[in-house]
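Trainee: Sequence first, predicted model second:
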There are 4 protein chains.
Amino acid sequence: MAEIKEECGVFGIYDLDGGNVVPSIYYGLTSLQHRGQESCGLAVSRTAGKRGNVQFYKDLGLVSEVLREDTVRSMEGDIGIGHVRYSTTGASVAENAQPLVLSYVKGTLALAHNGNLINTPQLKWELIQNGAVFHTTTDSEVIAFHIARERVHSRTVEEAVLKTAQKIRGGYGLVIMSPRKLIGVRDPYGLKPLCLGKRGNAYVLASESCALASVGAAFVRDIEPGEILTITKDGLKSDKTLAIKQHAHCVFEYIYFARLDSTMDGVNVYEARLRGGKSLAKSYPVEADLVTGVPESGIPAAKGYSEESGIPFGLAFYKNSYIGRTFIKPTQEERESSVQLKLSVLKPVVRGKRIVLVDDSIVRGTTITNLIHMLKEAGAKEVHVRISSPPFLYPCYFGTDVPSNDQLIAASHSSEEICRMIGADSLGYMQSSYLEGMVKGLPLCKACFDGKYPMEIPDQTEEYMDL
Amino acid sequence: MAEIKEECGVFGIYDLDGGNVVPSIYYGLTSLQHRGQESCGLAVSRTAGKRGNVQFYKDLGLVSEVLREDTVRSMEGDIGIGHVRYSTTGASVAENAQPLVLSYVKGTLALAHNGNLINTPQLKWELIQNGAVFHTTTDSEVIAFHIARERVHSRTVEEAVLKTAQKIRGGYGLVIMSPRKLIGVRDPYGLKPLCLGKRGNAYVLASESCALASVGAAFVRDIEPGEILTITKDGLKSDKTLAIKQHAHCVFEYIYFARLDSTMDGVNVYEARLRGGKSLAKSYPVEADLVTGVPESGIPAAKGYSEESGIPFGLAFYKNSYIGRTFIKPTQEERESSVQLKLSVLKPVVRGKRIVLVDDSIVRGTTITNLIHMLKEAGAKEVHVRISSPPFLYPCYFGTDVPSNDQLIAASHSSEEICRMIGADSLGYMQSSYLEGMVKGLPLCKACFDGKYPMEIPDQTEEYMDL
Amino acid sequence: MAEIKEECGVFGIYDLDGGNVVPSIYYGLTSLQHRGQESCGLAVSRTAGKRGNVQFYKDLGLVSEVLREDTVRSMEGDIGIGHVRYSTTGASVAENAQPLVLSYVKGTLALAHNGNLINTPQLKWELIQNGAVFHTTTDSEVIAFHIARERVHSRTVEEAVLKTAQKIRGGYGLVIMSPRKLIGVRDPYGLKPLCLGKRGNAYVLASESCALASVGAAFVRDIEPGEILTITKDGLKSDKTLAIKQHAHCVFEYIYFARLDSTMDGVNVYEARLRGGKSLAKSYPVEADLVTGVPESGIPAAKGYSEESGIPFGLAFYKNSYIGRTFIKPTQEERESSVQLKLSVLKPVVRGKRIVLVDDSIVRGTTITNLIHMLKEAGAKEVHVRISSPPFLYPCYFGTDVPSNDQLIAASHSSEEICRMIGADSLGYMQSSYLEGMVKGLPLCKACFDGKYPMEIPDQTEEYMDL
Amino acid sequence: MAEIKEECGVFGIYDLDGGNVVPSIYYGLTSLQHRGQESCGLAVSRTAGKRGNVQFYKDLGLVSEVLREDTVRSMEGDIGIGHVRYSTTGASVAENAQPLVLSYVKGTLALAHNGNLINTPQLKWELIQNGAVFHTTTDSEVIAFHIARERVHSRTVEEAVLKTAQKIRGGYGLVIMSPRKLIGVRDPYGLKPLCLGKRGNAYVLASESCALASVGAAFVRDIEPGEILTITKDGLKSDKTLAIKQHAHCVFEYIYFARLDSTMDGVNVYEARLRGGKSLAKSYPVEADLVTGVPESGIPAAKGYSEESGIPFGLAFYKNSYIGRTFIKPTQEERESSVQLKLSVLKPVVRGKRIVLVDDSIVRGTTITNLIHMLKEAGAKEVHVRISSPPFLYPCYFGTDVPSNDQLIAASHSSEEICRMIGADSLGYMQSSYLEGMVKGLPLCKACFDGKYPMEIPDQTEEYMDL
């Protein structure tokens, strides 16, 4: 039940046999919806058609809200990309929906981007000082503009992408569509995921492998950190100029962002969370009658805790799936009498029991406090909380929207204090040093927990920030 | 994953202290949304106000779609009722949304109705032969009209309700709002549920106890079969004239309709399903490595099967909760390459395992066939299917939308044939005689399984059906 | 520029050759839109089809907003009726949209109604005392209910309509659709208009002749006051049982409601207004350089004034036709600096001139005051106001929404006072005794001007009014 | 009733006293709505605020549809611009709505543009060859990009505007908002209009003077052809570097585009059309009983014809103002029986008369043919058509959407042939040489009539056109 937000999910497909890829983009985006619910969009083209003949549609809303049947059925092409974007607030955010579709020196360039750059202000400054204009406040437009500028002096679009990638710093997974090519790019550290699939003669790029499966494509491999993969009618071409040895995969993909049924960089997400739960059981054992997880994200780790400890696993909550985005929040006064709207306790499951309650993180502490209270009201004798990640202590610069320190209960309280504040009988956080075990030794970026960033973070001066 | 549809859910509230009940109706309907997703609505009034001064709003759509913040915040009253209705197709269904709000001899009458009558045509015929007009094709309007007609010669509205209830036959849970009274009525067999809760000085009526909890009300008791409960400023008044000894509670509430966290007629729904799973384990034991359930409805029975058999319980599927109502279905051609949109298998959970797969019912057999195929593709060695209800063989006349025989795989195939057709390694259906055990001996209507209806079903003549 | 509101417009059509009448209803309603902008709707059926098989659609909004192409193209039938309703405020008015479509003893009854009854409370009381329920607060539902009740004991629907018409009192134009018949009814005084047209083998009923022309139908004749005209596959049948000698046509149809190109009861509306202007010129001559009218309704009378007086006629105002229904009104503060949004003066037309400004009525006096001010600002030397109707002094009970006395400037001020208040150089109101001249001697209801109602107006007791 | 389309209307306002200008932009755009109905938008800022702090809103639709009360009331600023755009078809046109709002080297630049450039492809090519990207296909984005690029090396934004204006060729009226300045620019020929008004301490720029009046501003003067007018907190600054002697005002503003109550370059639009009608009367006199115009655009010229000829002027048509944008067109089959939907004839006005029918142009000839037929059906003895403009023969490159030759009846038929084809008794077109008389000698661009363009029109090569 983490309240951490991911930036986005990307999808791309090129059917060398000329089949219409629009339905696949729709299903792929539906499978990536968990990565972003604010806006979505797609752009498609015919590689055999006139350069620049691109159809696109994007708007605020879920895939099922934005991409209505008539829109989807009216679009057509053998190459295309799509994007889902996470939910923020603020005016005119519709302008920031992706994919970006731009005309440039070689026709039309479309781009979808997951992640965050740390040198956007400088890159934007450089362009703007040369007279550029920007329509949006996205990193994606800065990247696209640099590609366009490099394209003028490059032999190929992939060469322009490489030159651009040599300048941008941060975590990113990009899919780029030019009139005849589909390109996937992953940052040199591998902070953001991107993988390749194949269905017949069609190549698919996606932030997660679950999206490959959703369109019937077989998983081929992950795009390597620093790799630029270009798909043309002649097949695949890989450029690894940017590859470095020091990788740093975002740990939060495994803890929270990615779907249970995805596998990233060789590590299955469900298994990682299961191992996380087992590790918690070893570090913080307790005598109890039942292990349960906070739906949905705490459940696999709870299952792991159960397997390791031998304490039976069960589901203790009912989740109301009809709490929509426009749900009218109870006012404070109403709240006092109205609980159990989103989650309610299955009393027969918890009555008289000592319970281990597993969740993936604690942000403000409000939710877990309510759940513990509900469990005890329902007759639980004890509630032992186990968290499958360390406390957040540092900001993320690569696209994860970690709340600011004043909202983080762990920023100003010890584990013992938090335990008391939330009303738990005991509390155990996953230790940072155990995280690599969870992912079978994969090198991780755990900066949000330990402050060790894989690259130097530049000062964000006032002047730049204004852009 | 049953594809059986329930008619409706009802909610009513009267705050004797005069507090505004609109937010409570909104939260109550949100908690009953699983009982009906086609349309919803509410009607509220001030008991101290002018007779007939009722505000109401209803439309096609989910609660979160129909009842927007400005609408909800603009309504006000100390007494009110609400309704959710299940999804059908057909023109002008908006006209059939509830509550019905009518002016009659004593001001305004509002009515919300869950269930189905079997003598509607006769009741309508009687009115129409006397010159009545009808705006909708609902049973509810027929009931309301009879109440209004009886009201003319009755001392009180509850007397008119009683006279009407003496004429209507079928399964029903009704909430009725007159200018100064809130009335709940339950059919004499107890086919449809209705319960009473209390929060401070406010009385609440709801189809399920989960809706009481959602507004902070404590469960008081079930309305008894055949009871008419009238709530006025002076408190409760119960009329049991209609009570009979022979009860017949709808078994499908326990198998599928009701929410896990509800308790009906003394039987907790989660526990009933758990017992159902245990009973299956006794009747159809099998050697296996994992018990899992089809989300969401098969999961509690799977847990029961696991507890009884000692085979570990686990979650084998990921469910995409973003498949909205407007989801664009893949065409046949697209479907061949796109699976796993709604449910996908967690491969590490099932790989190499012998699996017991529990679901609540089989209708056409299409879904279970797909799931078995997906499990085997993911590496499951065996898949043993256990169904926590007997095969459907008879139509329901009381409000459950059982598919017609030609859509029911069990209507024309033996259990062995079905097992082969769906690709399972074994198949076991719950036996009809075990159902009472599931609900601790509560008398049930199991007519959809055994054809024994609690009351005589009249011929549905052509002449009547036209009305 | 009257701010008086009409109740409604009705339309009916029956194509004996079986042609689809839906497009004609759409065009007919578009032509009657000036009679009501709040809501609209239509109902159609196949006379050869199953009884009760009626399609209908209605909602709040203009014809062009409510009846979208897909709706219109999806409906079909050889018999149908339609309705436009005027704009009111208030909650849940969508419920009051017409046509009413009801099931009754003989299948489906649809009804569209223009006008107002004066004995609705009694009629409703009678029904409600016998146990009836009402869904709306319209007279139309009361009429329909009485027809349904009478139908039980009548040989034909037209007989039931006659018995109902014998009970209802007021002004009305009705179109009624039963499974095989289209019926038009007009009140005995002829207060409300209704006419008959024919196109090929199709009969058309409409509130105004302009709607006949819009569907290519030739005008046949007006329905006579008190006539019930029944159209079946065998042709026309007229019943004049209700006919009386004393007619009283609503004068406001000629002054304001009806379209310029309509002819009612033998009097062309444009010619009536032209004659009104001539009469004003005779009664209130003045030396001037230009006669102009307030768009749109004052223009024909201005032309008449010009013809009679010999003073040149011209257009002095530009009207912005993009001031939509959702136009954001300037606040008081904004208003001070923003004038001329809806109407602006053509300065070259008025500069240095003495102007006769003709309008059809003065309600509050605000608009005319502004216009006179604008004309003078634009350089007009004098502005002489001529009003083509007498001052309102009495309420209308037959469907015209005359503002209450405290909003009527004429209720508390003499003509001289008004002239001074609005800043005119002279002011002349049409005299009531001249109105018959305007309509070539046609007997009129002028009760809003002289208080002489054609029938006795009952007391509106509190008890009844509540219903 | 011309079917010629104008590009756009622009509006800008800067209140030096700090008052909120949003309501004024709303009213101003409402007054300019006749210049464009496809899309509209506005952008506002606080000059005292942070650079780049701009609110904007734009979408497809009329002002009353796009700018709803909550949107308008939520925006605020002391400087702002607005835009209305004409109706085209095609996908994704929402992207082309204006104002453009861009971030550039000095914060935020907003731009609204009326007109068309003839060297856009070259200007875009130049940028794109240097690596630029474009989000839209509008001239406006090209202009904005050039301003941004020039701004890098300019001391002020007005200097950058000047350098840009020196490169762009065509007809244009621009309003530009930078963080602290409002700038108006008009092309050197004066093809497109732009004028200045003042209300208290607020300066207003608008395409037409009617928009000044709508916000209570007094007309100050027209922006001169080639003038760049910069409004800062210190007042006005005018740059006339670009001024040339040879002016060429678009004749179509006077014939059709502009509102009757506007005055442009010293010529009142109503008076111009009146003179046009008088000139027609001199060139093509005829014996007749009535002069009438096709609503709305033919009416002033008809009045002029009447004044010159002495034949009485009258209104012969009723126009249905409820024919909305979503009006469902009759199919061919329906059309045969349905005429008079939009315009209907006032029979008493025309019966037995010889009529002079004045319109502003003939495009396909369909409309005028129908109107003549309707007049004769209504009893007109003769119909003499007079057109207040010469026949279109040449394309316009400056923003007027003249239909292509194969749609222009005059392109392939002589005046005599047209007269016969439309069923008129005589036909007279305004002669091109008389047009200057209509506008009191103002130098005109009449290229659509005589092919004499004020500047050289470049070849539009395939390569450029793709961009």
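Mentor: Structure received. Only a predicted model underlies this, so the values are computations on that prediction, with no experimental measurement involved. Residues are numbered from 1 along each chain as shown, chains lettered A, B, ... in the order given.
Trainee: In contact with the residue in the stretch 101-250 of chain A that chain C sits nearest to, which residues?
Mentor: Evaluated by CB to the nearest CB, the stretch 101-250 of chain A has A:H135 as its residue closest to chain C, separated by 28.1 Å. Every residue, glycine included, has its C-beta placed from N, CA and C. With contact set as CB atoms under 8 Å, 6 or more residues apart in numbering or on different chains, A:H135 has these partners: A:95, A:141, D:100-102, D:135.
Trainee: make it 6 Å
Mentor: For A:H135, the contacting residues are D:H135, by CB atoms under 6 Å, 6 or more residues apart in numbering or on different chains.
Trainee: and what of A:V66?
Mentor: A:40, A:59.
Trainee: Next one, pLDDT for it please.
Mentor: We have a pLDDT of 92 for A:V66.
Trainee: is stretch A:47-65 up against chain B anywhere?
Mentor: Yes. Counting by CB under 6 Å from any CB of the partner chain, chain B is contacted by stretch A:47-65 at A:S64.
Trainee: buried residues in that stretch?
Mentor: A:47, A:52, A:54-58, A:60-64 (16 or more other CB atoms under 10 Å in any protein chain shown).
Trainee: How about exporting that stretch as PDB, limited to the C-alpha atoms?
Mentor: In PDB, the C-alpha atoms belonging to stretch A:47-65 read as follows (Å, rounded to 0.1, in the frame of the first residue of the first chain):
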ATOM      1  CA  THR A  47       6.600   2.600 -42.500                       C
ATOM      2  CA  ALA A  48       5.700   2.300 -46.100                       C
ATOM      3  CA  GLY A  49       3.700   5.500 -46.100                       C
ATOM      4  CA  LYS A  50       4.700   9.100 -46.500                       C
ATOM      5  CA  ARG A  51       7.200  10.400 -44.000                       C
ATOM      6  CA  GLY A  52       5.500  12.300 -41.200                       C
ATOM      7  CA  ASN A  53       2.200  10.600 -41.700                       C
ATOM      8  CA  VAL A  54       1.600   9.900 -38.000                       C
ATOM      9  CA  GLN A  55      -1.700   9.400 -36.100                       C
ATOM     10  CA  PHE A  56      -1.700  10.100 -32.400                       C
ATOM     11  CA  TYR A  57      -4.100  10.400 -29.500                       C
ATOM     12  CA  LYS A  58      -3.400  11.300 -25.900                       C
ATOM     13  CA  ASP A  59      -5.300  12.700 -23.000                       C
ATOM     14  CA  LEU A  60      -5.700  12.800 -19.200                       C
ATOM     15  CA  GLY A  61      -7.200   9.600 -17.900                       C
ATOM     16  CA  LEU A  62      -6.900   5.800 -17.700                       C
ATOM     17  CA  VAL A  63      -6.400   3.800 -20.800                       C
ATOM     18  CA  SER A  64     -10.000   2.600 -20.700                       C
ATOM     19  CA  GLU A  65     -11.200   6.200 -20.400                       C
END
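Trainee: Pull the distance from it to the chain's centre.
Mentor: 22 Å (CA atoms, centre = their mean, to the nearest Å).
Trainee: With stretch A:307-318 instead?
Mentor: Relative to its chain's centre, stretch A:307-318 lies at 27 Å (CA atoms, centre = their mean).
Trainee: And the average pLDDT for that stretch is what?
Mentor: 96.
Trainee: just stretch A:408-422 next, same as before
Mentor: Here the average pLDDT along stretch A:408-422 is 93.
Trainee: Same question for stretch A:123-132.
Mentor: 92.
Trainee: what residues does it touch?
Mentor: So stretch A:123-132 is in contact with A:142, A:145, A:467, D:105, D:148-149, D:152, going by CB under 6 Å, 6+ apart.
Trainee: Can you name the residue of chain A nearest chain C?
Mentor: A:D70 (10.8 Å).
Trainee: my hunch is that that residue is in a strand, does that hold up?
Mentor: No. With DSSP: H, G, I helix; E, B strand; the rest coil as the criterion, A:D70 is located in helix rather than a strand.
Trainee: where's A:T232 relative to chain B, distance?
Mentor: Counting by CB to the nearest CB, to the nearest Å, the gap from A:T232 to chain B is 22 Å.
Trainee: and that residue, backbone torsions?
Mentor: Torsion angles at A:T232 (phi, psi; degrees, to the nearest 10) stand at phi -130, psi -180.
Trainee: I figured it was touching A:P179, is that so?
Mentor: No. Assessed by CB atoms under 6 Å, A:T232 is found out of contact with A:P179, at 10.9 Å.
Trainee: These two: who's more crowded?
Mentor: Neighbour tally, A:T232 and A:P179, criterion other CB atoms under 10 Å in any protein chain shown: the higher count belongs to A:P179, 21 against 18.
Trainee: From A:A48, how far out is the more buried one?
Mentor: 10 Å (CB to CB, to the nearest Å).
Trainee: likewise A:T156?
Mentor: Distance from A:T156 to A:A48, by CB to CB: 19 Å.
Trainee: same check, this time on A:G399
Mentor: Taken as CB to CB, the span from A:G399 to A:A48 is 36 Å.
Trainee: Same check on A:V286?
Mentor: Taken as CB to CB, the span from A:V286 to A:A48 is 64 Å.
Trainee: who wins for most neighbours among the contacts of stretch A:123-132?
Mentor: A:V142 (29 neighbours).
Trainee: For the closest residue to A:S309 other than its chain neighbours, grab the count of nearby residues.
Mentor: Among residues not flanking A:S309 along the chain, A:A281 sits closest, at 4.4 Å (CB to CB, 6 or more residues apart in numbering or on different chains). The burial count assigned to A:A281 is 24, neighbours taken as other CB under 10 Å.
Trainee: If anything else comes up later, I'll come back, but that's it for now.
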